[in-house]
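Enquirer: task: produce atomic coordinates for the following.
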Amino acid sequence: MPIKIPAHLPAREILEKENIFVMDNSRAEQQDIRPLNILILNLMPEKEKTERHLLRLLGNTPLQVNITFLKTATYESRNVSAYHLEEFYHTFDFVREQKFDGMIITGAPIELLEFEKVDYWEELKDILDWTTSHVTSTLHICWGAQAALYHHYGIGKFELPRKCSGIYSHRVQSENEKLLRGFDDQFLAPHSRNTDVSLESISRTPGLKLLAVSEKAGAFIIASDDGKRIMVTGHLEYEAETLAEEYARDLEKGLDIQIPENYFPGDDPGQKPANRWRSHAHLFFSNWLNYYVYQETPYMWD
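Expert: This is a model prediction of the structure:
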């Protein structure tokens, strides 16, 4: 699915070197097709890395995808240039009257804060409510998943005794679920968070189904019965080096942090980790775009 992104977005050069199919406006306008319009609310501090992570996975299936980046108006990121935000991002007021085929709400390294103490919580609540009528399917990642579970279903989070960081094995819970078509019965995926949600709370909440779970990392993929909300507590979009970068960052902060589990060869941070979840990451995003966005979205929104 070639993705339409601005010609001078920094991620473009990297993606093209990886043979990811990207295009700019001039080429997109020559294609007489109805593209999918995907909105990405990027709450991560290093926004350019997250852009690259997500665009790589959105650009590997057959249809054209238009990407719009969204930032919060009530909090200004300090880890990205003002120019980058001004050039490539919009605030909610800009898109409020529009409708989107799909949306991604990323994680954010704020999970130890109570939701109500997050600077942009009221703004995010408005956006979450808006997705119900203006987005065909919304994919929530990590803290974004916890925020959706809390706001839409009243499921809170709890602090873990130690950070859940590493590569964990997961079991498919629903073999017939379209989102997991082609998945192995067991598969690997990264996690990186200090909080978790209760499996029991998910299982007893009407309208939710647990699609994949890890013995060590807990609930992984949760979906609403109608597929309009997908919650993923981990990070299938991560690159091979991402957990290593986070581990080094935490050490520099002086945090009492454990080596990411099942990640570095021989548990040696001096060794280069391998990406052992890439194929399932691509499959997951492809399934979401096909079955939950493309197959469900109206050709023309009302």
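Enquirer: which of the residues in the biggest helix by length in the chain are buried?
Expert: Taking DSSP state H as the assignment, the helix of the chain that covers the most residues is helix 121-134. Along helix 121-134, these residues count as buried under the neighbour rule (16 or more other C-beta atoms under 10 Å): W121, E123, L124, I127, L128, W130, T131, H134. All C-beta spots, glycine's among them, are computed from the backbone N, C-alpha and C.
Enquirer: the first one - nearest residue in space that isn't next to it in sequence?
Expert: I take that to be W121. The spatial neighbour of W121 that comes closest, neighbours along the chain excluded (C-beta to C-beta, 6 or more residues apart in numbering), is F115 at 5.6 Å.
Enquirer: can you classify the closest residue to R276 other than its chain neighbours by secondary structure?
Expert: Spatially, and ignoring its direct neighbours in sequence, R276 is nearest to L188 (5.0 Å; C-beta to C-beta, 6+ apart). Following DSSP: H, G, I helix; E, B strand; the rest coil, we place L188 in the strand state.
Enquirer: begin at 18 from here
Expert: From this message on, residue numbering opens at 18, which makes the last subject L205.
Enquirer: okay, and the beta partners of L205?
Expert: For L205, the beta-bridge partners are S186 (DSSP bridges).
Enquirer: which ones are touching the closest residue to W160 other than its chain neighbours?
Expert: In space, and not counting its chain neighbours, W160 is closest to G124: 4.3 Å by C-beta to C-beta, 6+ apart. By C-beta atoms under 8 Å, 6 or more residues apart in numbering, the residues touching G124 are L60, M61, I158, C159, W160, G161, A162, R210, H252.
Enquirer: filter these down to just the ones in helices.
Expert: Using DSSP H, W160, G161, A162 are the members of the contacts of G124 that sit in helices.
Enquirer: most neighbours out of the residues you listed, which is it?
Expert: Using other C-beta atoms under 10 Å as the neighbour criterion, A162 leads the ones in helices among the contacts of G124 with 27 neighbours.
Enquirer: okay, the buried residues of helix 138-151 in CSV with distance to I55 and pLDDT next?
Expert: Listed next are those as CSV, based on distance: C-beta to C-beta, whole Å; pLDDT from 0 to 100:
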residue, distance to I55, pLDDT
W138, 24, 98
E140, 20, 98
L141, 18, 98
I144, 15, 98
L145, 17, 98
W147, 15, 98
T148, 12, 98
H151, 13, 97
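Enquirer: closest to G283 among those residues?
Expert: Using C-beta to C-beta, L141 comes nearest to G283 of these, at 40.9 Å.
Enquirer: my read is that that closest one contacts A90, right?
Expert: No: applying C-beta atoms under 8 Å as the test, L141 and A90 come out as separate, 10.9 Å apart.
Enquirer: please, where are all the helices along this protein?
Expert: Under DSSP H, the chain gives helices at 27-34, 42-45, 64-75, 99-105, 109-112, 138-151, 160-170, 216-220, 259-269, 295-304.
Enquirer: just checking, what packs against the fourth one?
Expert: For helix 99-105, the packing partners by 3 or more C-beta pairs under 8 Å, 6 or more residues apart in numbering; DSSP states H and E come out as helix 64-75.
Enquirer: the longest one now?
Expert: Contacts of helix 138-151 with other secondary structure elements, assessed using 3+ C-beta pairs under 8 Å, 6+ apart, are made with helix 109-112, strand 117-122, helix 160-170.
Enquirer: how far away is G235 from K174?
Expert: Using C-beta to C-beta, to the nearest Å, one gets 11 Å for the distance from G235 to K174.
Enquirer: correction: the previous question concerned A234.
Expert: Separation of A234 from K174 (C-beta to C-beta) stands at 14 Å.
Enquirer: same question for E139.
Expert: From E139 to K174 the distance is 18 Å (C-beta to C-beta).
Enquirer: centroid residue for the chain?
Expert: Geometric centre of the chain, nearest residue: I158, 3.9 Å, by C-alpha atoms, centre = their mean.
Enquirer: burial of E262, as a residue count?
Expert: A count of neighbours around E262, defined by other C-beta under 10 Å, yields 13.
Enquirer: equivalent analysis for V230, please.
Expert: With other C-beta under 10 Å as criterion, V230 counts 18.
Enquirer: now do the one 4 residues further on
Expert: The burial count assigned to A234 is 22, neighbours taken as other C-beta under 10 Å.
Enquirer: so it makes contact with P277?
Expert: No: using C-beta under 8 Å, A234 is not in contact with P277, being 11.7 Å away.
Enquirer: re the thing from before, now do the phi/psi pair for the residue nearest to W160.
Expert: phi -80, psi 180 (degrees, to the nearest 10).
Enquirer: tell me the pLDDT at it?
Expert: For G124, the pLDDT comes out at 96.
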